Structure formats: C-alpha cells, structure tokens
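>>> Have a look at this prediction, sequence included:
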Amino acid sequence: MIPELGQFSLILAFCLSILLGVMPLAGAATGNRLWMNMGRPLSAGLFVFLGICLVILAHAFVTDDFSVRIVAAQSNSLLPMQYKVTALWGGHEGSFLLWTFMLAGWILAVGIFSKSMPREFVARVLGVLGLLCASYILFMLATSNPFDRMVPVPPADGADLNSALQDIGFILHPPTLYMGYVGFSVVFAFAIAALLSGRLDAAWARWSRPWANVSWAILTIGIALGSWWAYYELGWGGWWAWDPVENPPLITWLCGAALIHSLAVTEKRRVFKSWTVLLAILAFAGSLLGTFITRSGLLTSVHAFASDPSRGIFILAILGVFVGGALLLYAIRAPLIKSEFGFGSLSREIFLLANNVILVVAAASVFLGTLFPMLYQALTGDLISIGPPYFNIIFVPLMILLVILLGIGPISRWKKTSGAYLQRQLGKVAAASVLLGVALPLIVLLNISIPATIAVALAIWIVLGIGRDLAAKTANKPSRWQGLRSLTYGYYGMQGAHFGVAVMLIGVALTSYFSSERSVLLQAGDSVQLGGYEFQFAGSERIAGPNYNADRATVLVTRDDEAVADLYPELRVYLANGAPSTEMAIDPSLLRDLFVTPGEIRANGAWTMTVYVKPFVRWIWLGAIFMALGATIAAADRRYRKLARVRDHAHEPAVGDMKPGGLQPASGDGT
Amino acid sequence: MMKPHRRKRLGAILFVAFGLSVAVTLTLFALSQNINMFYSPTQVANGEVESGTLFRIGGMVKDGSVEQQQDSLAVNFVTTDFVHDVAIEYEGILPDLFREGQGIVAEGRLDALGVFQASRVLAKHDENYMSPEVRAALEQAGANPENHQFRATPED
C-alpha cells in the first residue's frame, strides 16, 4: 500500500510540475501577475511531493519491502542500514528519482533566493525549470518507475547491492555529483529567461553568477569524490581513467569553468553576452548528455546501469527538445544582443577569452573522444575504443597553456593593459618560477626530470602570481592588513580557486610521473621492495563482516628498518549473492600514499598482490577542495547580497513592473 | 577602412578560428593515433588482424581453460565466441569478476604464434552486465548472449 502512495505522490508531482511549467511562463507572456506569482507555491509543492516519493522509497528499502522491484534488485535483508538507505540510488530508477528531487531542490532554492529579481524573470526561470522537471517525471512514469512491484510473488530476499557500491564513496559521490550537475539547469533557465525577455544585461549575469559558482563548486566536489572513490575502490591505483561515464561530468565541469569566467566578463564589461548564453546552454547540454550516456548503456564503462534502449531514446528526446529549443531561441535572439564596450588586444577580456577558448576546446576534445566510438560504430559497424593517450596528448598541452595565462589574467586590467605593465608585474615571478622549477626537483630527486620541472615551475608561477597580485592590490593602503580587508570575497574566491589549480597540478603531474607499482606473488614471510619501502606479507586470517566473509592479509611496510604502516587488504565474499570484492589497503599521507591491492589466494596459500607508491596523489583532491571553496566564497560576495537588501527596501522593483508582451526586447536596463 | 571596433571583432574571430582549427587538427591526429579496434575471436581466427597491432578482443572465458603458473603471475586462458577460440596469455592480477564462463575484454597484441599477449584484462563490476563488445562478438558468431548472461553465479 505505501509504495502506491509513492506512485500517487509522483503523479501529483507531475501535475504540479506541468502547472509550474505552464502558468508562470504564460503569466510572464501575458502580464498576468497572479499566474506569475504561482511559481513559488508550485515549486514548494513540487519539492514536497518529490520529497514524499523519496521518503516512501527509502522506507521500502529500510523495511526490506522486496515486493518493490528495485528493492529486490538492489537491497538485501543483511545489508547494513546505511547501505539500505543509499541502495535507493544504486540503480537506474532510484537514482533518477534522486536526480529529479535534486532539481526540485534547486527550483525551491531559486524561489527562495530570487526575491530581489523582477517578477517576470523569476516566473520565466521557474517555468523553464518546471518544464524540465515535468519531462523528468514523465520519463520516470513512462520508462522507469521506481515504485514498480514484483508480481505475483515477491522474492524472499533481495539480490543485494553490488559489492563495489557498499562503501562510503557510494554514499557521497552520486548525490553530490547529481546536485552539481542539476545546478547547471538553473543557470540554463536563467539564460533562457533572459533570452525570452530579450534582456541580456549585466543584471542577468550578476544573478547567474552565484548559481553558476555554487553548481560548479558542488560538481567539482562530486567529480573529486568519484575520483577518490575509484582510486581506493577499483584498486588499479589510478584516479582518472577517461572512462565514458567519467567524461561527461568533466565536459560539464570544463564548460562550467568557462561559463564562470565568461559571466564575469559579461557582468563587468557587458561583452561576450551571446557567448555566455551559449556556454550556459552547453553546460546544461553536457549534464543531460551525461545522463544519456550513463543510462543508455551505449558505451562500455565501469558504470554499468542495466540498460534499456527506450530510456536512451527518451533522454535523447528530452535533450533534443530542451537544447534544440534553446538553440533555436538563441538563434532568433542572438542578433538583438549587442556588446556595449570594446576592448584592447591586450586586456583582461582577451585573457578571459583565451581561457574560454582553451576550456571549450578541451571540453570538445573530451566530447569527441567519448562519443567517437559510438559514431564510428554507427558509420562502419566496427567496435573501437579510444585509449587514454588520446586524452592525455590533448589535455596536457592545453592545460599548460591555460596555466600560463592563468598567471597573467588576474593581474591584467580590464579594457587595456600595457605589455610593459605586465612585464613589470610578472617578470620576476616568471624568472623565479623557472628557477625554482629547475632547482626544487633537482634538490629532491638529485636528477633532472622535465615533467617535474614543468609542473613545479607552473605551480610556482600561479602561487607567486597570486602573491604578486595581492601585494599590488594592497600596496596603496595605509597598512597591509587594511589592504587585505578591503579586498572582496569575489577576489579571494578567485585566488583560492586558482591556488587550487596549482595544488591539483602538482598532484596530477607528480603522481602521473613518479608513481611506481609492482605485481607480485607472495608467500607469508616474503617481502617486496618498491620506491625505498619494503612491503612484507606477514600472513593472513579469516574474518567475518556484517554481510560478508573475508580473508585479511597483514602487510607490514618498513623504510630503512623503521616501521611505516601496517596495511590490511581484504578479499571479501558477500553472503547474499557470493559476489567477490577486493578491499585495498592504503596508508595515506600528504606526500605519498602506500597502497596494496590484493589479487587472489593460490591453492598453496600464496597471495597475489599489487603494491603501489603514489607520491602527491592527495594533492589532486586537495586542489579540488580549494577550487570548490574558492567558487563558494566568490558566490558569497557582498555585492550579490547588497543587491538583495536594496531591493527589499524598495518593495516593488521598478524593473520588474508589468510590461505586457514581455517578449519585446527591453530597452534601457535598470542597473 | 574598417572601423576600429569591427577590426577588433574580426581580430577576435580570427583568433578563435585559428585556435579552433589548430585544436581540431591536433585532435583528429591524436584520435587517429589512438583508435583501438575491437575484434571477436572469429575475426581473429579468420586472420583479420595483423600480428603486432594493438587491439581489443572480447568473448567468454572458456570453461576449464584457465591455467595459472604456480610460481609467477603468468596465466593463460582461452576466450571464445562459441565458434572460434583464441588463446590469451597475461602476466598480472586478474580482475575480481574474472571467472570461467564470464565475458571479458582484453587489450593487447597477437604474437608470431597467434597467441594474444594481453596487456590489460577487463571484466565488469556487475556480474549481470555484459559489455557491448562481448555481446556483439557473441551475436556475430550466432550465439544468443542471453543464454550466457547469468553464468557466473556463486554455485559455479
């Protein structure tokens, strides 16, 4: 009975989302205030009913209601409670419900934090998001209903959650990733609302910026969590595999990074408007493409959702309607968009343009490499795969170029910068970073390594550039402290995120070039040397977990006869379905990870294992944390909040007042 | 004479176009260098692959074919699409879900003797999931993938 209530609530949510998709938009087009004002209550209702769906489904998982098909497929009575709850998103239907709920959450947030924006604009944003949400719920009702029952006879117990998913990474990664992904729908809806009203101005860019920043920050964390999880769970010692399902979030992330920068230019200088709109559409398209690739099962990947072609076609249709419609609207409206200010050939605008070109080219090449196998198969019928070298060859030079420009961009000035000024500001920084880039690896490694030199030099280039800029920005203030206090959150956010790039760069480069690994067959008592460490296999024992049995090995790691770490990798067999799972053992530290992956136990008691030493691998995720923090701090900048306060006092914002036939491009912008 | 702002705009467009064309050229070049073809055991047995080329092969691990060296990580097994077999040699640790009767994809090259020297062996993380490559190989060879879908149960 209870799951049917969930079903009912899903249908109600569908009705509400249709109303949300129609009423505010129609109200904005005809100037009907009442209809426009329906946006907020409807979005609250949508959030509540999708929330009820989620709670009811979680209840079915927690109470082991195996008559619900996805509970039977993804859960088991022995499953620990935290995984019973999260098994909800262990399959296609449940995770799509979570995805849709995230969208409802974002819609609610837009309703709450948009008090300062004109009524028509908010109505259009909520309307577009309502339509999107309606299409998602329709998709669920039509092809993947999470409340489907097992008829006539439900199984006695569930098939269990895939053992690779019974992990903290699975609890954290999907919700974060979805939340970030779906956030770009909001920025998309802002762009569409602006196109509909014909009013692409600095105000639109200012309203979009915090949303773009926060979505991007959450997506950054989501991707980093996925990378961290894959690193310790999949056990091949890598943190990124260019897997077809890893790539779409990266495409969205790259487009999102470009969008954040281009929004800055649009807000401050009122140029790049049409480009910014296009990026907002692209970032959103990337997020839908990710859904399509994951759910259609058209590409081989580590993320194996049971696939169904009809779902793929449905999502492709959603993608076509929304992105196609948006591009059509864009084509109709773009000629009306005029950039207002010119800029010199050496200016911050140019550096940000270069940033955008590089990021979009990187996104496009990832897109091409990801979809090329599909395209190739459609054209020739042959199956191919694109190896990681392709992505590395493209990515590495692009990122080097990006980082070089990253040092110059923040210090350059809007409109026009003189080359002499840049040279004065950055000449010493460049010299110092080259010098330190050569010297530091030489001192540490005692030999010359070109990759290490490049990586260290580039990271120092960023960090010293930040320091130089801070010094310049605070030089004219009475005291350094006052100078630092006068800088905005937006500025600190930017520098924090850029610092994150430097940290991640060190992590990526040093891990890629200096990791070492060995696969060995060890009897108890044997040991293996790697990277100055000795890994000794001390023996193994049988242990019993809550829902699995395991063989646990003890590996003692020493360096120069001093104990460094005791590692306990496990080979588990889950009771519910006999699925095997290897549990790596890792000794993490800021400078290096020691990592043991167990393989199998031979008849004579010997274990196969791979041992890894991975220098600086933690810096990759540390860098991501800095980037996400930076973007969040920038989103908290005072000017977004100040605007809200001013508008609150003004009661009825003049800009938002009735303008029947809102489709006309507005003249004279109120900011 | 062009107006200055027009000239600037043209400059920006040319800059973008130049960047894009360089990027497209490099991308296509990189792409062409990194295509791994996928072949089924039947295609390999028919001699469609030259020895020395890097490619992927996919099929089921033939029952009773897995032989491990006792003193090293070397392993050899046979992959099959139920029409033709290809012998595979690999040195390293096999994935969790590598079992007889299970679909796998291996990456590597054929040696002079026609044995596939694998540099990587992939088996998927969900035992109910069959990669599109293996599925296609079985279908091409006339076997119904559904009959082999759920083979790797604990009782095996």
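Structure's in. What do you need?

>>> which residue ranges form the strands in the stretch 401-550 of chain A?
A:516-522, A:527-530, A:533-544, A:548-559 (DSSP state E, counting those that start in this stretch).

>>> try chain B
Under the criterion DSSP state E, strands of chain B are mapped to B:35-39, B:55-61, B:67-68, B:74-80, B:85-91, B:103-110, B:116-122.

>>> Can you say which of those strands is packed in most?
Neighbour counts (mean count of other C-beta atoms under 10 Å in any protein chain shown) averaged over each of the strands of chain B peak at strand B:55-61, with a mean of 25. In this view, the C-beta of every residue, glycine as well, is placed from N, C-alpha and C.

>>> For the residue nearest to A:Ala538 when sequence neighbours are not counted, give the beta-bridge partners.
Closest residue to A:Ala538 apart from its sequence neighbours, by C-beta to C-beta, 6 or more residues apart in numbering or on different chains: A:Thr554 at 4.3 Å. According to DSSP bridges, the partner residues bridging A:Thr554 are A:Gly539.

>>> With A:Gly599 as the reference, measure out to A:Thr554.
Using C-beta to C-beta, to the nearest Å, A:Thr554 is found at 16 Å from A:Gly599.

>>> Phi and psi next, for B:Pro95.
Backbone torsions of B:Pro95, given as degrees, to the nearest 10, read phi -60, psi 160.

>>> tell me the contacts of it?
B:121-123 (C-beta atoms under 8 Å, 6 or more residues apart in numbering or on different chains).

>>> one more time with 6 Å
B:Ala123 (C-beta atoms under 6 Å, 6 or more residues apart in numbering or on different chains).

>>> Quick one: neighbours of the closest residue to A:Thr453 other than its chain neighbours, just the number.
Among residues not flanking A:Thr453 along the chain, A:Gly437 sits closest, at 5.0 Å (C-beta to C-beta, 6+ apart). As a burial measure, A:Gly437 scores 20 neighbours (other C-beta atoms under 10 Å in any protein chain shown).

>>> Between A:Thr554 and A:Gly599, point out the one with more neighbours.
A:Gly599 (22 against 16).

>>> Doesn't that one lie inside a helix?
No: counting by DSSP: H, G, I helix; E, B strand; the rest coil, A:Gly599 is not part of a helix but strand.

>>> Now do the contacts for it.
A:608-609, B:93.

>>> who in the stretch 501-650 of chain A is up against chain B?
Counting by C-beta under 6 Å from any C-beta of the partner chain, the stretch 501-650 of chain A comes close to chain B at A:519, A:521, A:578, A:580, A:582, A:599, A:608, A:610.

>>> now the residues you listed: which count as buried?
Buried members of these, counted by 16 or more other C-beta atoms under 10 Å in any protein chain shown: A:519, A:521, A:580, A:582, A:599, A:608, A:610.

>>> what number of residues lie near A:Thr86?
26.

>>> three-state assignment of it?
A:Thr86, by the three-state scheme (three-state DSSP), is helix.

>>> who touches the helix or strand encompassing A:Leu279?
Using DSSP states H and E, A:Leu279 falls within helix A:273-296. In this structure, residues lying in contact with helix A:273-296 by C-beta under 6 Å, 6+ apart are A:181, A:184-185, A:187-188, A:191, A:200, A:244-245, A:248-249, A:251-252, A:255-256, A:258-259, A:262-263, A:266, A:299, A:303, A:305, A:311-312, A:315-316, A:319, A:323, A:326, A:334, A:337.

>>> mind checking how far that helix is from the chain centre?
13 Å (C-alpha atoms, centre = their mean, to the nearest Å).

>>> Need the nearest residue in space to B:Ser40, chain neighbours excluded.
Per C-beta to C-beta, 6+ apart, closest to B:Ser40 is B:Ala137, 3.5 Å.

>>> Near that neighbour, how many other residues are there?
Using other C-beta under 10 Å: B:Ala137 sits among 30 other residues.

>>> ok now do A:Ala354, which residues does it touch?
A:Leu405.

>>> Sticking with it, tell me its helix or strand.
Using DSSP H and E, A:Ala354 maps to helix A:348-380.

>>> Contacts made by the very next helix or strand once past that helix with the rest, please.
Next along the chain after helix A:348-380, taking DSSP H and E as the criterion, comes strand A:384-386. Contact with strand A:384-386 is made by A:369, A:372-373, A:376, B:34-37, as judged by C-beta under 6 Å, 6+ apart.
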